[in-house]
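Trainee: What follows is a predicted protein model with its sequence.
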Amino acid sequence: MSGCNTQALHQDDIYNPPVYWGRHIVRQGETLYGIAWTYGRDYRELGSANGIGPPWTIRAGQVLRLDLRSSTQAGSSRSAAQASRPAANNSARTPRAKPPAPTPTNTRKPAVTRKPDQSAPLAARTQTVASIPWRWPHSGTVIAGYSASGKVNKGVDIAGKAGDAVRAAADGSVVYAGNGLLGYGNLIIVNHNEHYLSAYAHNRKILVTEGEGVKAGQVIAELGGNGSERPMLHFEIRKNGNPVDPTHYLPPR
């Protein structure tokens with residue numbers, strides 16, 4: 001995978017799976033959160049499939065089998081303060097067979113339990129979906145929307161100026177802060193509850209550390225162009241490891 005570091009990697013199903021084949025050898029400093037994200041898997045499901053439970057501790061040299069699946073989610077997530085920083089180098093895959101076709105993402109809109117106040121500025125609006133009050137991480141123009149087919153995009157791309165504030169979309173804990181995942185540049189992943197994660201990619205500067213708790217609207221990074229062709233924020237929401245359309249969760253513009 002060392003020769004596959006392209007700026008559009010996060011938009012390609014070939015390199016941004018889910019993967020249910022081969023294995024992964026854990027490198028020093030890697031966490032289950034970062035490894036699961038790389039392979040498009042839910043960290044609880046991948047851990048359970050390999051006999052790992054909370055607090056999801058792994059060690060260097062440990063072999064994680066990707067061809068194993070767990071039929072049940074592996075309980076609730078623990079505090080992200082127990083997570084360690086993933087390694088800077090991308091993990092290597094050792095495939096044993098050709099991968100199956102990507103599993104289609106469920107595009108059904110989730111139920112909105114509290115709609116936003118449209119009179120408030122966009123940056124201050126929240127919309128409650130799945131018991132989480134969500135808000136936009138940046139108020140810039142959306143230049144590329146979510147797409148599960150054709151030119152795949154696992155989230156939305158938001159234009160901005162280098163140095164603009166990137167804000168947490170909801171309360172949570174930082175479970176990844178680094179640049180070790182190909183195609184994402186400087187990346188932050190926030191764990192909101194046992195089902196939902198959000199990701200903020202291509203930052204110029206990361207302003208939080210792994211294990212840190214964050215509040216909705218808190219500045220967590222400076223927008224930049226790290227790993228992208230122009231200053232922008234690539235934002236994703238994943239439910240149980242699967243990418244979902246962020247616009248189904250964020251307040252209408």
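Mentor: Thanks, I have it. Residues are numbered from 1 along each chain as shown.
Trainee: CA only for contacts and neighbour counts going forward, please
Mentor: Fine.
Trainee: Which secondary structure element is home to S48?
Mentor: Taking DSSP states H and E as the criterion, S48 maps to helix 43-49.
Trainee: Just the mean pLDDT for that helix, thanks.
Mentor: For helix 43-49, mean pLDDT rounds to 94.
Trainee: Which neighbouring elements make contact with it?
Mentor: Under the contact criterion of 3 or more C-alpha pairs under 8 Å, 6 or more residues apart in numbering; DSSP states H and E, helix 43-49 touches helix 32-38.
Trainee: try it again with 6 Å
Mentor: Helices and strands touching helix 43-49, by 3 or more C-alpha pairs under 6 Å, 6 or more residues apart in numbering; DSSP states H and E: there are none.
Trainee: Relative to the whole chain's centre, how far out is stretch 26-42?
Mentor: Computed by C-alpha atoms, centre = their mean, to the nearest Å, the separation of stretch 26-42 from the middle of its chain amounts to 11 Å.
Trainee: Mind checking what helix or strand follows the helix holding S48 in sequence?
Mentor: The element immediately downstream of helix 43-49 (helix or strand, assigned by DSSP H and E) is strand 63-65.
Trainee: And for that next one, what's in contact with it?
Mentor: 23-25 (C-alpha atoms under 6 Å, 6 or more residues apart in numbering).
Trainee: Just checking: what are the partner strands of the helix or strand following that strand?
Mentor: Following strand 63-65 in sequence order, the next helix or strand is strand 112-114 (DSSP H and E). Next to strand 112-114 in the sheet, as set by DSSP bridges, lie strand 127-129 (antiparallel).
Trainee: which element follows the partner strand toward the C-terminus?
Mentor: Next along the chain after strand 127-129, taking DSSP H and E as the criterion, comes strand 132-134.
Trainee: Residues in contact with whichever helix or strand comes after that next one: which ones?
Mentor: Next in sequence after strand 132-134, counting helices and strands by DSSP H and E, comes strand 142-144. With contact meaning C-alpha under 6 Å, 6+ apart, strand 142-144 is reached by 156-158.
Trainee: go on, stretch 156-166?
Mentor: 137-138, 140-146, 219-224, 231-235.
Trainee: That stretch: end-to-end distance?
Mentor: Taking C-alpha to C-alpha, to the nearest Å, stretch 156-166 runs 14 Å from one end to the other.
Trainee: Please identify the buried residues of it?
Mentor: Applying a neighbour-count criterion of 16 or more other C-alpha atoms under 10 Å, one finds 156-160, 162, 164-166 buried in stretch 156-166.
Trainee: so how many other residues sit close to G211?
Mentor: G211: 21 surrounding residues under other C-alpha atoms under 10 Å.
Trainee: what's the answer for G172, then?
Mentor: 23.
Trainee: How about the one 3 residues further on?
Mentor: The tally of other residues near V175 (other C-alpha under 10 Å) stands at 28.
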